[in-house]
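[1] Fold the following.
(one chain, ligands or ions: 2)
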Amino acid sequence: MTVLVTGGAGYIGSHTVLELLQAEQNVLVLDNFSNSSSESLKRVKELTNKTVTLIEGDIRDKALLETLFTQHSIDSVIHFAGLKAVGESTEIPLDYYENNVWGTINLLQVMKQFNVFKFVFSSSATVYGDPQTVPIKENFPLSATNPYGRSKLMVEDICRDLAASDSNWKIALLRYFNPVGAHESGRIGEDPNGIPNNLLPFIAQVAIGKREALAVFGDDYDTVDGTGVRDYIHVVDLANGHLKALAHLAKQNGCVAYSLGTGKGYSVLEMVKAFEKASDRPVPYKIVARRPGDIACCYADASFAKEVLSWTATRNLEQMMKDSWRWQSNNPEGYKK
Ligand code: NAD
Ligand code: UFG
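    Ligands and ions are numbered 1, 2, ... in the order given. Predicted structure coming up:
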């Protein structure tokens, strides 16, 4: 039996493929390389000494999906493929809805056509909007403030409707908090295009001297030191959450959402300090205005995933930082030589 992994060449996908291969699963990856390259999976193969079939193509291509489901004995799908930049989504919303929403509908239609009902979806903590309290529980109200977030919420709603319409469906909506870090080998990691939007890759590029200073978006939030607080989770822990969710689907009924986080929040300045310690490099920063749309504080109540999936994050902040730095310093240009 084969797991189809869409977007498997990307940051979280490549780490998940590695864990799947180590767990002796057959893996088929579909990726259009719009935000990745085949190099990540070449390295995954080297690290695991296992093979993975990689198809260059798009989830919006129904004929291609039908061919893949005909040619391979796919019995479950982990769906990472999509666009993920919040700012960009406000500039090109149609691309976001086309890729993230229509692409997913296309995939679900072909799954149904081939009687494949096990589906693990990359959702995001962004669906909790600006929570009234923390830690955030799965039953908190859902909302979205930008097209990216709305595309995730729309897909969640579609999955809930689908599961309600047909009890064959078994769907895990995985709401990631803030994935950081890299595989401990330093061979695979996050390889952002251009100027990183996210905190950790930006800090890492400052530490290595590619960028002058980090702009800290606001120090007047109601948090420990005024800077934004987030629940950073090691990407390998997150990858393992997918394996647990997939294994649990056999016993699960319908569509269930799980928050995947550590349950701990760190501020931007705490992250800067921890990275300086792990890298032994200075990370100069300057305080600038708040970034529109940012919230003060966001961290998970991770107890539901622990109770139901027997999954819990095991890597601490120091490991996240050490692994990020190893990846950044061994691959200053990412996957480009
Ligand atoms: P990524 O960009 O590294 O990976 C996404 C992969 O999907 C890329 O390899 C890209 O080439 C591919 N892709 C995009 N559109 C495609 C299409 N139409 N057809 C085929 N392939 C396509 O991103 P990531 O950080 O690994 O995120 C994976 C998923 O997790 C995304 O759905 C993202 O929205 C979600 N997510 C990410 C974060 C985060 O902070 N990284 C947080 C919450 C949720
Ligand atoms: N930050 C800075 N400077 C930067 C980048 C970020 O100060 O250059 C701050 C932000 O203001 C925030 C924290 O660092 O307080 C984290 O910001 P990120 O952009 O790394 O992450 P977000 O929490 O804003 O968003 C991320 C993903 C979203 C996802 C969300 C919830 O980018 O896609 O987590 O999962 F929806």
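[2] With ligand 1 as the reference, measure out to the nearest residue to residue 223 once chain neighbours are set aside.
    The shortest distance from residue 223 to any residue other than its chain neighbours is 4.8 Å, reached at residue 229 (Cβ to Cβ, 6 or more residues apart in numbering). For every residue, glycine as well, the C-beta is placed using N, CA and C. Taken as Cβ to the nearest ligand atom, to the nearest Å, the spacing of residue 229 relative to ligand 1 amounts to 16 Å.
[3] residues in contact with residue 229?
    Residues in contact with residue 229 (Cβ atoms under 8 Å, 6 or more residues apart in numbering) are 221, 223, 265-267, 296-299.
[4] how about a cut-off of 6 Å?
    The contact partners of residue 229, by Cβ atoms under 6 Å, 6 or more residues apart in numbering, come to 223, 265, 267, 297.
[5] Phi and psi next, for the last one.
    The one in question is residue 297. Dihedral angles of residue 297 (phi, psi; degrees, to the nearest 10) stand at phi -150, psi 140.
[6] Please spell out which residues along stretch 110-129 are buried.
    Judged by neighbour count (16 or more other Cβ atoms under 10 Å), stretch 110-129 contains these buried residues: 110-111, 116-129.
[7] Give me the distance between the two termini of it.
    One end of stretch 110-129 sits 31 Å from the other (Cα to Cα, to the nearest Å).
[8] Mind listing residues that contact it?
    Contacts of stretch 110-129 with the rest of the structure, by Cβ under 6 Å, 6+ apart, involve 65-66, 69, 74, 76-80, 136, 140, 142-143, 149, 152-153, 156, 168-177, 242, 245-246, 249.
[9] same question for it, mean pLDDT?
    Confidence over stretch 110-129, taken as the mean pLDDT, stands at 98.
[10] re earlier: could you restrict the buried residues of stretch 110-129 to the ones contacting ligand 2?
    Of the entries in the buried residues of stretch 110-129, those that also sit close to ligand 2 under the rule Cβ under 6 Å from any ligand atom are 124-126.
[11] so of these, which ones are in strands?
    Counting by DSSP state E, the members of those that fall within strands are residue 124.
[12] As TSV, the ones next to ligand 2 among the buried residues of stretch 110-129 with distance to residue 162 would be great.
    Below are these laid out as TSV (distance: Cβ to Cβ, whole Å):
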residue	distance to residue 162
124	19
125	22
126	21
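[13] Nearest to residue 321 among the ones next to ligand 2 among the buried residues of stretch 110-129?
    Distances from these to residue 321 were compared by Cβ to Cβ; the smallest belongs to residue 125, at 20.6 Å.
[14] And that closest one, how far from ligand 1?
    Distance from residue 125 to ligand 1, counting by Cβ to the nearest ligand atom: 7 Å.
[15] how about residue 164, secondary structure?
    Three-state secondary structure (criterion: DSSP: H, G, I helix; E, B strand; the rest coil) places residue 164 in helix.
[16] ok, how many other residues are close to it?
    The number of residues packed near residue 164 is 11, by other Cβ atoms under 10 Å.
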